[in-house]
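Participant: Just the structure for this:
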Amino acid sequence: MERLPAAACLLLCLALGGCAAVKSAGQWLGLLPLNPLREVQISAAADANGSSATQLDIVWVLDATAQAQLPKTGPQWFAAKAALLAGRSSELLVLHLEVPVGSTVQSLTLPAGHDQALAVLVYPNYIGPGGQAMGTVTGFRCVRIELAAATVDYRSCP
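Facilitator: Predicted coordinates:
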């Protein structure tokens, strides 16, 4: 019975404003997920990260205030990770990976609540500065993270 007023509001938005309004209303009412990411694939070239395994954290951000306080690079994230998680554990969901060179990960189990994240960020811990920038994969439904020799690329899945 509680969903009846929400469904009525959703129908009203459809009648008045079209698809974009319906999506926004559905997200606001908790009927639709906030972000579309459902699948993550990772490939690491044989020479990725200077031929070293790569630490990689995928972070689902559930709070705008928390997002504003997050670091902009992988090394900064890993240096501050323990303190950030101690103070904001209910506002961040983290999937930690160690990706060996020359490997491919086809499917990851995403954390519970991932669909309610405002943003999805990727922190690679690369040796060189080219691969250290934080990646934003919020708009992807399926993202392929490609770890190369000195850089990290984010693409839609094939």
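
Participant: Run a quick neighbour tally on the closest residue to residue 131 other than its chain neighbours.
Facilitator: With CB to CB, 6 or more residues apart in numbering as the criterion, residue 131 has its nearest non-adjacent residue at 4.8 Å, and that residue is residue 152. The C-beta positions use only the backbone N, C-alpha and C, and glycine is treated the same way. The local packing of residue 152 (other CB atoms under 10 Å) involves 25 other residues.

Participant: Please identify the helix or strand for the most centrally placed residue in the chain.
Facilitator: Residue closest to the mean C-alpha point of the chain, counted by CA atoms, centre = their mean, is residue 120 at 2.4 Å. When elements are assigned from DSSP states H and E, residue 120 belongs to strand 119-125.

Participant: what comes into contact with that strand?
Facilitator: Under the contact criterion CB atoms under 8 Å, 6 or more residues apart in numbering, strand 119-125 has outside partners 35, 37, 49, 54-61, 67, 70-71, 73-75, 77-78, 114, 131-132, 134-138, 140, 145, 147, 152, 154.
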